[in-house]
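Trainee: 3D model of this:
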Amino acid sequence: MSNSAFRALMKDAVKTAFPDKFDRFHGINFHNDCTMHGLDYGEKDSFLRLRKKILAFEKKHETRGNRIFYLAVPPALYEPVISNIALRVFLR
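Mentor: Model (predicted):
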């Protein structure tokens with residue numbers, strides 16, 4: 001899924017969840033800051049690209065390291081993906 005498709009999906013979800021308050025959410029560009037990053041679970045460079053993207057996002061938005069990860073992977077991949085995120089993204 002592309003970032004623009006993901007953002008459109010998130011925009012529709014927020015609009016559906018908060019129909020009376022959508023203008024407020026839309027006004028603060030909520031949907032523009034939603035992002036996704038697809039990666040190859042077995043490729044070290046995929047996680048390094050994720051690191052670069054996260055660091056740029058955090059710098060732009062001054063998040064102070066606050067992060068939420070949604071893993072759209074089968075349960076059998078949770079451990080290796082989380083381990084790679086820890087090793088390649090945050091412990092460098």
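Trainee: who touches stretch 78-92?
Mentor: Residues outside stretch 78-92 that contact it (C-beta atoms under 8 Å, 6 or more residues apart in numbering): 41, 44, 47-48, 50-51, 54, 69, 71, 73. C-beta here means a position set from N, CA and C on the backbone, and glycine is covered the same way.
Trainee: now swap in stretch 52-68 and tell me
Mentor: Here stretch 52-68 makes contact (C-beta under 8 Å, 6+ apart) with 33, 35, 37, 89.
Trainee: per-domain residue ranges of this protein.
Mentor: For the chain, the structural domains run 1-36, 39-92, going by automatic domain parsing.
Trainee: so how far does the shortest one reach from one end to the other?
Mentor: Put plainly, it is domain 1-36. Length of domain 1-36, first residue to last, C-alpha to C-alpha, to the nearest Å: 8 Å.
Trainee: pLDDT averaged over it - what is it?
Mentor: Average pLDDT, domain 1-36: 76.
Trainee: same deal with the last one?
Mentor: This predicted structure assigns domain 39-92 an average pLDDT of 85.
Trainee: Assign a three-state SS to the residue located most distally from the centre of the chain, would you?
Mentor: No residue in the chain sits farther from the centre than residue 20, which is 26.0 Å out by C-alpha atoms, centre = their mean. Of the three states, residue 20 takes coil under DSSP: H, G, I helix; E, B strand; the rest coil.
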